[in-house]
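Asker: here are the coordinates; sequence isn't available:
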């Protein structure tokens, strides 16, 4: 299953200006496509494209500057292979319109296991590191550099030197059932802290039921840290 990066709603197509001689070759067009898609989709990694079918060089008489406008890509975003619709312009005139299938790579830092990981292990710099990988062809939901793994643990055994995916990890239970937790109540910009008993295990971001130690009333709260939950009004 290809990994898809969500793309923003289509806006006015970005325009990339390039300089060339009297003919546009495959490398020049691919370079322009890569730059245009990187800008228009706000991509973080290094996008590399290759045409599935050979590109036929295009003549651009009496013009050094030319533009490429991409106005058609899959709404779901980029994948390892997709069609792209674009036009070329020179000296203010449209040269032509193309729809080409491309193969794509997206190179960016992702978390990779340093050694074999066992179920239940915490994720930290001693067991995982960031390495440059092709996230479009990884065939899994890759965990990239913007993912904070502090509150996760290994959900299933992972071999050494493997790209980590969401299926490999699960939220670490930093609140345990039956334990006393700090409850931060946020109301009108004022924070009030009290004690409660957790009635379920929970990881960061999860909502669990806790019981007020004094009133014995149960209420829901979101786990925000180790033995800490929060309630917002």
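Answerer: Yes, it's here. The structure presented is a predicted model; accordingly, all values stated were derived computationally and were not measured.

Asker: what about stretch 179-194, distance to the chain center?
Answerer: 33 Å (CA atoms, centre = their mean, to the nearest Å).

Asker: can you check stretch 151-169 too?
Answerer: 17 Å.

Asker: can we start the residue count at 44 from this point?
Answerer: All right, first residue 44 from here; so that's stretch 194-212.

Asker: quick check: buried residues in that stretch?
Answerer: 194-197, 201, 206-208, 211-212 (16 or more other CB atoms under 10 Å). Just so you know, the C-beta spots here come from the backbone N, C-alpha and C atoms, and that holds for glycine as well.

Asker: how about stretch 125-144?
Answerer: 125, 127, 129-133, 138, 141, 143.

Asker: of those residues, which belong to strands?
Answerer: 125, 127, 129-133, 138, 141, 143 (DSSP state E).

Asker: picking that back up, just curious, which of the buried residues of stretch 194-212 is nearest to residue 80?
Answerer: If you rank the buried residues of stretch 194-212 by distance to residue 80 using CB to CB, residue 206 comes first, at 23.1 Å.

Asker: surely that closest one and residue 176 touch.
Answerer: Yes: at 5.7 Å, residue 206 counts as touching residue 176 under the criterion of CB atoms under 8 Å.

Asker: what is in contact with these two at once?
Answerer: 153, 155, 185 (CB atoms under 8 Å, 6 or more residues apart in numbering).

Asker: hey, what's the first one bridged with?
Answerer: Using DSSP bridges, the beta-bridge partners of residue 153 come out as residue 174, residue 187.

Asker: count of residues packed around it?
Answerer: 24 (other CB atoms under 10 Å).

Asker: what ranges do the helices span in this protein?
Answerer: 69-83 (DSSP state H).

Asker: which helix or strand in it has the lowest average pLDDT?
Answerer: Least confident helix or strand, the chain: strand 58-62 with a mean of 49, by mean pLDDT, DSSP states H and E.

Asker: low-confidence ranges, this structure, go.
Answerer: 44-64, 105-106, 276 (pLDDT under 70).

Asker: at 80 instead, please
Answerer: Low-confidence segments of the chain (pLDDT under 80): 44-65, 104-107, 115-120, 134-135, 191, 230-232, 275-276.

Asker: returning to what we had before: list just the nearest of the buried residues of stretch 194-212 to residue 240.
Answerer: For the buried residues of stretch 194-212, the nearest to residue 240 is residue 194 (21.4 Å; CB to CB).

Asker: quick check: that closest one touching residue 246?
Answerer: Yes: between residue 194 and residue 246 there is a contact at 6.0 Å, judged by CB under 8 Å.

Asker: who touches both of these two?
Answerer: 214-215, 217.

Asker: which one among those gets closest to residue 107?
Answerer: Distances from residue 107 to the shared contacts of residue 194 and residue 246, taken by CB to CB, are shortest for residue 214, at 56.2 Å.

Asker: show the contacting residues for that closest one.
Answerer: Contacts of residue 214 by CB under 8 Å, 6+ apart are 194-196, 246-249.

Asker: hang on, the earlier thing: now, the most widely separated pair of the buried residues of stretch 125-144?
Answerer: Top of the distance list for the buried residues of stretch 125-144 (CB to CB): 125 and 133, 26.1 Å.

Asker: now for residue 227, how many residues are close by?
Answerer: Residue 227, neighbours per other CB under 10 Å, totals 18.

Asker: show me what the residue nearest to it when sequence neighbours are not counted is bridged to.
Answerer: Nearest in space to residue 227, with sequence neighbours left out and distances taken as CB to CB, 6 or more residues apart in numbering, is residue 273 at 4.7 Å. Residue 273 has these beta-bridge partners by DSSP bridges: residue 227, residue 265.
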